[in-house]
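K.L.:
Predicted structure and sequence below. I'll ask about it afterward.
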Amino acid sequence: MQRTRQTTLAALLVTMAAPPVTAAPGHGETDVTFTRGNRNTDFAPAFDAQFRADLVEGSASTSTELLAGGLVHPWGIDQLPDGSFLVTERPGHLRHVTADGTVHDPIAGVPEVYNAAPETGWATQAGLLDVKAGPDFAENRMVYFTYSKPMGDGMSATAAARGTLSDDMTELRNVEDIWVQSPPSDAAMHYGSRLVFPGDGTVFITTGEHFTEEYRDYAQDLDRTYGKVIRVNLDGSIPEDNPFVGREGDDAIWSLGHRNMQGADLAPDGSLFVLEHGPAGGDEINKPAPGANYGWPLVSYGEQYSGELVGTGQASMEGMEQPLYFWDPVIAPGGATFVTGEMFPEWEGDLMIGSLYPSGLVRIVFGEDGYVVEEERLLRNQGRVRDVDVLADGSIVFLTDFENGSIIHVTAPD
């Protein structure tokens, strides 16, 4: 296992450079002063704690090491009870990676994924996405994952599936879809796709709204599962207490009006948090409540990439929930996790978010009232961070999303 200082690792990994920052003495080994930059819009926040909390530096010392490299656009990571990992590669491979960083051949049994690039010219977003060991993995070896499911004629949809992992970690058996987004789309973008187990026999699945002007409106449509938080039982059946059961709409919907949720986790108090990409500006943290509407694409704190206003041209509207926090300019949030364990007591209960742009990790601190009070930008020279996870010992791993992607292990210095 190769140990390396952050500057050396950055030079090896970065194939898509982050925007420049102003060099100045900083904390840690190689960090530099960070400024947030100019806004895209001038919408006033709905409350002070919603935007640009105090920016702090030097909350904890860290050491990074390259745990494993040579992964092709890794997207999701989860630690198994024995300390090893499951890692998805977006082109369609599921890998078992040992605790010491040995990357094994692809696990058999993963279904075909749709991995075509969108016609818009944007980079490929489709493929094999999140992965999680099931809540009863120690007893039944059930693994859950999400992927862009090919639906024929260039169509695809976000799907969640499960299968039983063989004892030798080489095969998924009895694989079955437990939920498939409806209707399928010909826009290969914005699949969302995080999985969260709240511990009550259900699973939350985040989705995207497939980006285009035609499809984004479906985030407000209760008959379509675009831009929604989905909640189903572990076998895919519908929980009777879902908010739209017996009402208008798809019974699997938990909340609506989201854009593209690529981060999600449970807070220490058990509440669900999601991170969603905004347009130009307007990335958000939300706490999805059952049946609540979070506004996209009618309202947003961002603007269209063309510079035009979004939807109604407002950041708020009656009947639409406000984000708990938003960024402008964006952080492009990937996966997210709440920090627990003994490794970083300074960060206990904080939300750690992977940033694809400008890159690195973003740490969010909450006050006793549940609102954001501090923000910190960490390890910004590591490149595009697609997922982040806290391990059993309280250390942190994250994935860099490159053609030659890596697993990076973050610990407290010896």
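P.N.:
On my side now, so go ahead. Computed from a prediction, not measured in an experiment: that's the story for all the values here.
K.L.:
Leaving out the residues flanking it, which one is nearest to N115?
P.N.:
Nearest residue to N115, sequence neighbours excluded (C-beta to C-beta, 6 or more residues apart in numbering): G127, at 4.5 Å. Just so you know, the C-beta spots here come from the backbone N, C-alpha and C atoms, and that holds for glycine as well.
K.L.:
what's the neighbour count on the one you found?
P.N.:
The tally of other residues near G127 (other C-beta atoms under 10 Å) stands at 24.
K.L.:
quick one, what contacts it?
P.N.:
Taking C-beta atoms under 8 Å, 6 or more residues apart in numbering, we find G127 in contact with 73, 75, 89-92, 113-115, 147-148.
K.L.:
mind redoing it with 10 Å?
P.N.:
Each residue near G127 by C-beta atoms under 10 Å, 6 or more residues apart in numbering is listed here: 72-73, 75, 88-93, 113-116, 147-148, 156, 188, 191, 193.
K.L.:
For the stretch 51-200 of the chain, just list every one of the strands.
P.N.:
Using DSSP state E, counting those that start in this stretch, the strands of the stretch 51-200 of the chain run over residues 54-56, 63-71, 74-79, 85-89, 93-97, 128-133, 142-152, 155-165, 172-180, 195-196.
K.L.:
do the same with the stretch 251-400 of the chain
P.N.:
Under the criterion DSSP E, counting those that start in this stretch, strands of the stretch 251-400 of the chain are mapped to 253-255, 260-266, 272-277, 283-286, 325-327, 333-338, 351-355, 360-366, 372-378, 385-390, 396-400.
K.L.:
As CSV, those strands with distance to Q50 and mean pLDDT would be great.
P.N.:
Output for the strands of the stretch 251-400 of the chain, formatted as CSV (distance: least, C-beta to C-beta, whole Å; pLDDT from 0 to 100):
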stretch, distance to Q50, mean pLDDT
strand 253-255, 19, 98
strand 260-266, 18, 98
strand 272-277, 15, 98
strand 283-286, 9, 98
strand 325-327, 6, 98
strand 333-338, 16, 98
strand 351-355, 15, 98
strand 360-366, 12, 98
strand 372-378, 8, 98
strand 385-390, 23, 98
strand 396-400, 26, 98
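K.L.:
Can you list the low-confidence ranges for this protein?
P.N.:
1-33 (pLDDT under 70).
K.L.:
just to revisit the earlier point, now distance to T98 and mean neighbour count too, for the strands of the stretch 251-400 of the chain, in CSV please.
P.N.:
Formatted as CSV, those follow (distance: least, C-beta to C-beta, whole Å; neighbours: other C-beta atoms under 10 Å):
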stretch, distance to T98, mean neighbour count
strand 253-255, 36, 24
strand 260-266, 25, 25
strand 272-277, 29, 25
strand 283-286, 34, 25
strand 325-327, 36, 25
strand 333-338, 21, 24
strand 351-355, 23, 27
strand 360-366, 24, 22
strand 372-378, 26, 19
strand 385-390, 16, 25
strand 396-400, 13, 27
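K.L.:
Turn the ones you listed into TSV, including distance to V310.
P.N.:
Formatted as TSV, these follow (distance: least, C-beta to C-beta, whole Å):
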stretch	distance to V310
strand 253-255	19
strand 260-266	14
strand 272-277	13
strand 283-286	13
strand 325-327	13
strand 333-338	18
strand 351-355	22
strand 360-366	23
strand 372-378	23
strand 385-390	25
strand 396-400	30
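K.L.:
Among those, which comes closest to R141?
P.N.:
Across these, R141 has its closest neighbour in strand 385-390 (19.4 Å, C-beta to C-beta).
K.L.:
quick one, that closest one and strand 351-355 angle?
P.N.:
Interaxial angle of strand 385-390 relative to strand 351-355 (axes from the mean of the first three to the mean of the last three C-alpha atoms, to 10 degrees): 160 degrees.
K.L.:
Name every strand pairing with strand 385-390 and say which way it goes.
P.N.:
Here strand 385-390 is paired, per DSSP bridges, with strand 396-400 (antiparallel).
K.L.:
what comes up buried for stretch 245-252?
P.N.:
249-252 (16 or more other C-beta atoms under 10 Å).
K.L.:
my bad, stretch 35-50
P.N.:
Those would be 39-41, 43, 45, 49-50, for stretch 35-50 by 16+ other C-beta under 10 Å.
K.L.:
Out of those residues, which is nearest to H409?
P.N.:
Lowest distance from H409 to the buried residues of stretch 35-50 (C-beta to C-beta) belongs to A49, with 32.5 Å.
K.L.:
tell me the SS of that closest one?
P.N.:
Of the three states, A49 takes helix under DSSP: H, G, I helix; E, B strand; the rest coil.
K.L.:
Correct me if wrong: it contacts I364.
P.N.:
No. Using C-beta atoms under 10 Å, A49 is not in contact with I364; the gap is 11.1 Å.
K.L.:
so what sits against both of these two?
P.N.:
In terms of C-beta under 10 Å, 6+ apart, A49 and I364 are both contacted by the residues 324-325, 372-373.
K.L.:
Closest one of these to V56?
P.N.:
Closest to V56, out of all of the shared contacts of A49 and I364 and judged by C-beta to C-beta, is V373, at 9.7 Å.
K.L.:
Who are the contact partners of the closest residue to that closest one other than its chain neighbours?
P.N.:
Leaving aside its chain neighbours, V373 sits nearest to G367 (4.2 Å; criterion: C-beta to C-beta, 6+ apart). Neighbour list for G367: 49, 53, 373-374 [criterion: C-beta under 10 Å, 6+ apart].
K.L.:
where's G367 relative to D265, distance?
P.N.:
G367 sits 19 Å away from D265, taking C-beta to C-beta, to the nearest Å as the criterion.
K.L.:
Could you do I107 as well?
P.N.:
Taking C-beta to C-beta as the criterion, I107 is separated from D265 by 24 Å.
K.L.:
go on, Y147?
P.N.:
20 Å.
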